[in-house]
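J.: Coordinates only, no sequence provided:
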């Protein structure tokens, strides 16, 4: 009788453990996020837009998404899970065709976007009812 109770208890514990571990995190439905990025009223073409989750609850593979703006400054990200995100806007300098050697001059947009990189103040609270985010960036004051 004692052996039978021990086996039954062990079976229940194993079943409970398997059911509890197999479910994983239950995520809300993802949404598509879109918007427009402008700098001093002009669209930014070819900028990388990065959404980095800053609130907890999302598995690592869903915390970071990127896309590139089109000629009108528009962007679209699919499969974004509701959460609060830091939004970064990055653009690399394009090499000039007039220069020779290894020297590359940065274009104005690269310097003007520096404040919106890794420590960007831009935020987006994505939800099933909020998925469009336009950002009007202002260039830093020149010293």
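T.: Yep, that arrived. All values derive from a computational prediction rather than experimental measurement.
J.: which residue packs closest to residue 27, ignoring adjacent ones?
T.: Counting by C-beta to C-beta, 6 or more residues apart in numbering, residue 81 is the residue found nearest to residue 27 once chain neighbours are left out, at 5.7 Å. For every residue, glycine as well, the C-beta is placed using N, CA and C.
J.: and that neighbour, what does it touch?
T.: Contact criterion C-beta atoms under 8 Å, 6 or more residues apart in numbering gives 27-28, 30, 53, 58, 62, 126 as the residues in contact with residue 81.
J.: out of the residues you listed, which one sits closest to residue 72?
T.: Compare each of these with residue 72 using C-beta to C-beta and the shortest gap goes to residue 126, at 21.8 Å.
J.: Let me know how buried the closest one is, in neighbour terms.
T.: Neighbourhood size, residue 126 [other C-beta atoms under 10 Å]: 22.
J.: Correct me if wrong: it contacts residue 79.
T.: No. Using C-beta atoms under 8 Å as the test, residue 126 is too far from residue 79 to be in contact (11.2 Å).
J.: Kindly confirm whether my reading is correct that residue 47 touches residue 89.
T.: Yes. At 5.3 Å, residue 47 and residue 89 qualify as touching, with contact defined as C-beta under 8 Å.
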